[in-house]
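> sequence plus predicted model, see below.
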Amino acid sequence: MQEWSNNACLGYIQAALERKGWSKEQINEVTHAVYYEFDFKTIGEATQLYERSFD
């Protein structure tokens, strides 16, 4: 298993949004918002939040 990396996470987000045709400005807005959340959510909290979206 590879080590966690905030930059890798942001890279996945950027790649997905580029694939969907989002503008650079839109991508920057989302990645900055996610970057901000790194300071307020643990990896476990973020995992639970994402997994609850499938309920």
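Arrived safely.
> got a pLDDT number for Glu3?
Here the pLDDT value assigned to Glu3 is 82.
> compute the number of surrounding residues for it.
Glu3 has 5 neighbours, counted by other C-beta atoms under 10 Å. The way it works is simple: take the backbone N, C-alpha and C, and place the C-beta from them, glycine included.
> go on, Trp4?
For Trp4, using other C-beta under 10 Å, the count is 8.
> which residues does it contact?
Trp4 sits next to Ile43 when contact means C-beta atoms under 8 Å, 6 or more residues apart in numbering.
> before we move on, which element is it in?
Following DSSP states H and E, there is no helix or strand that holds Trp4.
> which elements pack onto the helix or strand that contains Ala33?
Element membership for Ala33 (DSSP H and E) is helix 24-37. Helix 24-37 is packed against helix 6-19, with contacts defined by 3 or more C-beta pairs under 8 Å, 6 or more residues apart in numbering; DSSP states H and E.
> and the helix it packs on, what does it pack onto?
On a contact count with 3+ C-beta pairs under 8 Å, 6+ apart, helix 6-19 meets helix 24-37.
> I'd like the next helix or strand past the helix it packs on.
Following helix 24-37 in sequence order, the next helix or strand is helix 43-52 (DSSP H and E).
> ok, now which ones touch the residue nearest to Gln14 when sequence neighbours are not counted?
Leaving aside its sequence neighbours, Gln14 sits nearest to Ile27 (C-beta to C-beta, 6 or more residues apart in numbering; 5.6 Å). By C-beta under 8 Å, 6+ apart, the residues touching Ile27 are Ile13, Gln14, Leu17, Glu18.
> one more pass at 7 Å, please.
Gln14, Leu17, Glu18 (C-beta atoms under 7 Å, 6 or more residues apart in numbering).
> now Thr47
With contacts taken as C-beta under 7 Å, 6+ apart, Thr47 has no neighbouring residues.
> do you know how far Gln14 is from Lys24?
10 Å (C-beta to C-beta, to the nearest Å).
> which one's more surrounded, the two?
Neighbours were counted for Gln14 and for Lys24 using other C-beta under 10 Å; Gln14 has more, 17 against 10.
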